[in-house]
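Participant: Give me the fold of what follows.
(chains A and B)
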Amino acid sequence: MIIFYLKLYRELIENLSAGRQQKINVQHQLLLTEQLVATDNEIKATLKVAEHQAEVEKKVDAIKEEIETQDQHITQMQKHFKEAENILATALFQAKQKLQSINKASKHPVSSEDLIKYAHRISASNAVCAPLTWQPGDARRPYPTDIEMRMGYLGRLSDLPLNGHIMQPQGLADMVRSNNQIVKQILKLDRQASQQNQFAWHSTGDMHIGVNSGVIDTRNHSKDVAEDVEVMSTDSSSSSSSDSQ
Amino acid sequence: MENTLTVNDVDTDFLPLIHDIIKSGERENHEPQKSAQEISQKIQDLQKKIDQARSDIRKLPGIQYNSEQQLKAMDDLRQSLQMKRQLLLKYRHMYSFDVPKY
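Facilitator: Now for the predicted structure:
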């Protein structure tokens, strides 16, 4: 619009200068002047529209600012939801595990009496000191008995030469393979030593116990334990007698 | 401070200057040299004023769109804001625990 205004203005000036020289085109000058005034009014009207648009633009800016604030709130809330989801997922996983445990326990119920008996046995044989009520002749021992020792890794190592070939548990063999040569040498020394003591082990008789069985069943071994207790009671009586002496 | 420029700051009163120029042209017969210098100066002033107005108008806020486009953009933004508010309200009034029914 300003360009049009400029054109009109230039045309008017040129016309005026030409008209002054030639004294013509008076009507054209009048027309140009009217157009100039009309264009000026149009510029003013357009500026009013621009003013209105500036006000609208302010509102638009305010809305944009508000949208940005809402976006921040939404982002914050999404972050909180994500944290809550993580926490709930963990809690759900743990709850499922507990449910599995509960189902397992309900499928294989163990009477409280058995549980207490087993706990009593564990505390009797694996404690670091004798029970307060222990007396000579009591079957309970505050240390591993012979059978328990034989069921351990050391006892199984000692059994190796008896069978003539390697009967190590798979886990131990892997461990030995993966370890360095020093461990192998120590094992060889152990084998030699156990070969020398082979006859002593034979003399005890009960060498088959627990060599291949990994899990101890307390109910099935109750008789064995009773026998061991009888065997050990002689030892304990001797030791207790020695203690009394 | 380009953003704070308003329509009132834009000077578009060109007609008085044009009128002065025409008047000076009419006086050219009496004092030709003086009048020519004066006219030349006034034309330069008018040119400067027009350039200044043009540059100021370009800095006015919201003139990159026409009225319809601007109003449409504002409506779109309002709708977007409304949706975001509703979303936030929905989030805030959600059940704390959604217990599945077996």
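Participant: who in chain B is up against chain A?
Facilitator: Chain B comes close to chain A at residues B:6-7, B:10, B:12, B:14-15, B:18, B:21-22, B:25-26, B:28, B:43, B:46, B:50, B:53-54, B:57, B:60-63, B:65, B:67, B:70-71, B:73-74, B:77-78, B:80-81, B:84-85, B:87-88, B:91, as judged by C-beta under 8 Å from any C-beta of the partner chain. Any C-beta I mention is one placed from the backbone N, CA and C, and that applies to glycine too.
Participant: Could you check the least confident helix or strand in chain B by mean pLDDT and say which residues are buried?
Facilitator: In chain B, no helix or strand scores lower on mean pLDDT, DSSP states H and E than helix B:15-26, which sits at a mean of 83. Neighbour-count burial for helix B:15-26, with 16 or more other C-beta atoms under 10 Å in any protein chain shown as criterion, is recorded at B:17-18, B:21-22, B:24-25.
Participant: ok, back up a step: whichever of the residues of chain B next to chain A end up buried, select them in ChimeraX.
Facilitator: A single ChimeraX command selects the buried members of the residues of chain B next to chain A (16+ other C-beta under 10 Å):
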select /B:7,10,12,14,18,21,22,25,28,43,46,50,53,57,60,61,62,63,65,70,73,74,77,80,81,84
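Participant: Which of the helices or strands spans residue 35?
Facilitator: No chain in the question, so chain A it is. Under the criterion of DSSP states H and E, A:Q35 resides in helix A:26-107.
Participant: oops, I was thinking of chain B
Facilitator: helix B:32-59.
Participant: now the angle between helix B:15-26 and that helix, please.
Facilitator: 160 degrees (axes from the mean of the first three to the mean of the last three C-alpha atoms, to 10 degrees).
Participant: now for the least confident helix or strand of chain B, which elements pack on it?
Facilitator: Here helix B:15-26 touches helix A:2-22, helix A:26-107, helix B:32-59, going by 3 or more C-beta pairs under 8 Å, 6 or more residues apart in numbering or on different chains; DSSP states H and E.
Participant: Output these in TSV, with mean pLDDT and distance to A:E148 appended to each entry.
Facilitator: Formatted as TSV, the helices and strands packed on helix B:15-26 follow (pLDDT from 0 to 100; distance: least, C-beta to C-beta, whole Å):
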stretch	mean pLDDT	distance to A:E148
helix A:2-22	62	107
helix A:26-107	91	27
helix B:32-59	85	94
